[in-house]
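>>> Got a sequence here, can you model it:
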Amino acid sequence: MASNMGIQIGNAWFQRKINLRPQHRGVHLVTEEILRQVPELLQFSVGLCHIQILHTSASLALNESWDPDVRDDMEMMLNKIIPEDMPYRHSCEGPDDMPAHVKACFLGSSLSIPITDGKLALGTWQGVWLCEHRNNAGSRRRGFILIAKMASPRNQSRRPFTVCIEGNIGSGKTTFLNNFKQFNNTMVLQEPVELWRNVEGMNLLDLMYKDPGRYACLFQSYVQLTMLQLHTMKSPLPYKIMERSVYSARCFIENMKRTNVLKEVEATVLEKWYDWCINHALIETDLIVYLRTTPDIVYKRMRARARQEENLVSLEYLEQVHQIHEDWLYHRTLFDVPAPVIILDADQSMEEMFVQFEKCKTRIFERCRQSERESRLLTSPVSSPKIGAASE
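Sure, this is the predicted structure:
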């Protein structure tokens, strides 16, 4: 992902080039895929988000987000209104090319959507469509530019109470985080897997699993960069919940050292990079929630969800990662623990985990209120005793 951005507090502009995964011909809902790559929108209270596609045979539209049949019907109607068997003069790129240009003119190459309280002001059933008009567009549809203008910056005077959700692969971190999305006072930051899958069109996560000897150091360096970006992201909301952290990135580096995946010099560079982050970046963490699991359980979950990149992840690997997390957060014998830890049994079913979430949510919000009370006590002025008053 290429990133060209600048934020100016006041009447601010933000710009980023983002990439979307290639799609087959048809109409595709891409709202969440775009938002995952632009978490900075949470900083804007009132503004305008402008999205533009940089191609002439694909288009963007704002329409139905719930029923996928609507998208299929739209593709059918576009093909009926603009057929391929017309006497087009421009035919050197195939019979689908000129109709694709016409469809792109009909629908348009950009959208402008209002921003309200850090979110796109979409209707209940509205979503952003990518309309792919070519049969074999391949990876060309990965180049987008998104621009957001902030007319009124939100108040960011207080640092949010920050919680990191830690655990093994398949421990339920994403599901746990999703429960917090219902609260308007919480910024939820998922692990930036989409960024790792699409670095200027390259799936770095997949390359790391397939050839760790070559790509592990490069991948972990990028992981630390993207996690640092999440840690330092400002928010006007009182709570920030993150999936993993810069701290847990070190767990995977430790495992690569133990299994000799990293060369000694590579491990040294990554550890120096980590030390710099800890000593110089503002990555305060107030609480860690450790979703404690057994490797057998997470292995079954991982196989069931069938992510392409995880096909090569073995039970042995999960056992290694589990032991490092145990030594770090449970036994506390490996690394420094940067914040208090709540340990939850994440081997349980979804229903049982929901009960645990409710209890944990209450503890998180109560810890934040306690932290605010302590902060007020520390910053409140202390009256000087009157002359002659008896001292206690």
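>>> buried residues in stretch 306-320?
Using 16 or more other Cβ atoms under 10 Å as the burial criterion, the residues of stretch 306-320 that qualify are E309, E310, V313, Y317, L318, Q320. C-beta: built from backbone N, CA, C; applies to glycine.
>>> any idea which of those residues is the one closest to P236?
When the buried residues of stretch 306-320 are compared for distance to P236, the smallest value, 34.3 Å, is given by E309; criterion: Cβ to Cβ.
>>> phi, psi of that closest one?
With angles defined as degrees, to the nearest 10, E309 sits at phi -70, psi -20.
>>> Would you confirm that it contacts Y209?
Yes - E309 sits in contact with Y209 when judged by Cβ atoms under 8 Å, with a separation of 5.3 Å.
>>> contacting residues for T174?
Taking Cβ atoms under 8 Å, 6 or more residues apart in numbering as the criterion, T174 is in contact with Q190, E191, E243.
>>> The closest residue to the second one other than its chain neighbours: how many residues sit nearby?
Meaning E191. The shortest distance from E191 to any residue other than its chain neighbours is 4.2 Å, reached at E243 (Cβ to Cβ, 6 or more residues apart in numbering). Close neighbours of E243, defined as other Cβ atoms under 10 Å, add up to 21.
>>> For the protein, which segments count as strands?
With DSSP state E as the definition, the chain shows strands at residue ranges 12-18, 26-29, 44-53, 58-64, 110-116, 119-120, 126-132, 144-153, 161-167, 186-189, 239-243, 287-292, 341-345.
>>> Quick one: work out the angle between the last one and strand 161-167.
This points to strand 341-345. Angle between the axes of strand 341-345 and strand 161-167 is 40 degrees (criterion: axes from the mean of the first three to the mean of the last three Cα atoms, to 10 degrees).
>>> burial of the closest residue to L315 other than its chain neighbours, as a residue count?
Across the structure, with Cβ to Cβ, 6+ apart as the measure, the residue nearest L315 apart from its sequence neighbours is Y299 (4.8 Å). As a burial measure, the neighbour count of Y299 was computed by other Cβ under 10 Å and equals 21.
>>> Report the contact partners of Y299.
When contacts are counted by Cβ under 8 Å, 6+ apart, Y299 is found next to G170, L315, L318.
>>> Including pLDDT and distance to R36, could those go into JSON lines?
Converted to JSON lines, those look like this (pLDDT from 0 to 100; distance: Cβ to Cβ, whole Å):
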{"residue": "G170", "pLDDT": "91", "distance to R36": "20"}
{"residue": "L315", "pLDDT": "94", "distance to R36": "29"}
{"residue": "L318", "pLDDT": "95", "distance to R36": "25"}
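>>> Which of the residues you listed sits closest to T116?
Closest to T116 out of these is G170 (35.5 Å), distances taken as Cβ to Cβ.
>>> What distance do you get for the nearest residue to that closest one once chain neighbours are set aside to H331?
Closest residue to G170 in three dimensions, ignoring its sequence neighbours and counting by Cβ to Cβ, 6+ apart: V298, at 3.5 Å. V298 sits 19 Å away from H331, taking Cβ to Cβ, to the nearest Å as the criterion.
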